[in-house]
Every structure is written in structure tokens, then in C-alpha cells.
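**Q** everything below, folded, please.
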Amino acid sequence: MPGRDGEPLVALLAVRVLRLEALLQGVATGLVGALAVFAATSWLVLRGGPVVGPHLALLAQFFPGYRVTFTGSLVGAAWGFGYGFVAGWLVSLLYNAIVAVRRQP
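**A** Below is the predicted model:
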């Protein structure tokens, strides 16, 4: 069964399957990043102790306003979503560009 311009349907399907949706990939990666930072911070806050998360506190170097507190976990989740979104979006764009170059005859 031919597709547009006489191309076989399999070739058209391969082009559609190989492309990633950059916006959805960014949202998915951002949600994973936000959940990871929120869960790690919340776990340390709930666990408590005399010194709470000195290594995790280093995230304040990349996430302005972040502290190892419950409020800081929300700030860190927002930053984690932002960084994750940009990373997922850029990876998708790069992947789609590579696929487009490789598909050219």
C-alpha cells in the first residue's frame, strides 16, 4: 500500500516512529528530576539527625534558594524540573537532527 508520493507505507512509518516528541520528552525528564530531588531531600529531612544531608546541601550551588528542608525540597523540585526539562528537550532535538541527517539519501 503506497503512501504519499509513491513511498511505501513502511518507509513512512519508520520516519514517524524514529522521531521523538521534544516537548513530551522534556516534561517526562523534568518530572523525573523533580521527583528525585524532592524524594531525596524529603527522605533526609524525615530521617533527621544532628547533621542533615551535607552532600545534598551542595545542590545549592546549582539551585539558588535550595536548602535541605521541606521548603527546600519544593524549591529543589522546581529547579530539578527545569534542568530536567531542558536536558530532555535538548536530547530529543539532537536525536531528531541525527535521525534526519541519517535518513537523507
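**Q** so what's residue 36 up against?
**A** residue 80 (C-beta atoms under 8 Å, 6 or more residues apart in numbering). Quick note: C-beta positions are derived from backbone N, CA and C, even for glycine.
**Q** all numbers from here: first residue = 33
**A** In the new numbering, first residue 33, that becomes residue 68.
**Q** please tell me how far it sits from residue 91.
**A** 11 Å (C-beta to C-beta, to the nearest Å).
**Q** likewise for residue 122?
**A** Relative to residue 91, residue 122 is positioned 21 Å away (C-beta to C-beta).
**Q** so between these two, which is more surrounded?
**A** When residue 122 and residue 91 are compared for neighbours, residue 91 comes out ahead with 20 against 14, by other C-beta atoms under 10 Å.
**Q** neighbours around the closest residue to that one other than its chain neighbours, how many?
**A** Nearest in space to residue 91, with sequence neighbours left out and distances taken as C-beta to C-beta, 6 or more residues apart in numbering, is residue 98 at 5.3 Å. Other residues within reach of residue 98, judged by other C-beta under 10 Å, total 25.
**Q** mind checking what secondary structure residue 98 has?
**A** Secondary structure assignment for residue 98 (DSSP: H, G, I helix; E, B strand; the rest coil): coil.
**Q** by contact count, what packs against the longest helix along the chain?
**A** With residue count as the measure and DSSP state H as the assignment, the chain has helix 102-135 as its longest helix. Other elements packing on helix 102-135 under the criterion 3 or more C-beta pairs under 8 Å, 6 or more residues apart in numbering; DSSP states H and E are helix 41-50, helix 54-79.
**Q** show me what contacts the residue nearest to the spatial centre of the chain?
**A** In the chain, the residue lying closest to the centroid (C-alpha atoms, centre = their mean) is residue 61, at 2.1 Å. The contact partners of residue 61, by C-beta under 8 Å, 6+ apart, come to 116, 117, 119, 120, 121, 123.
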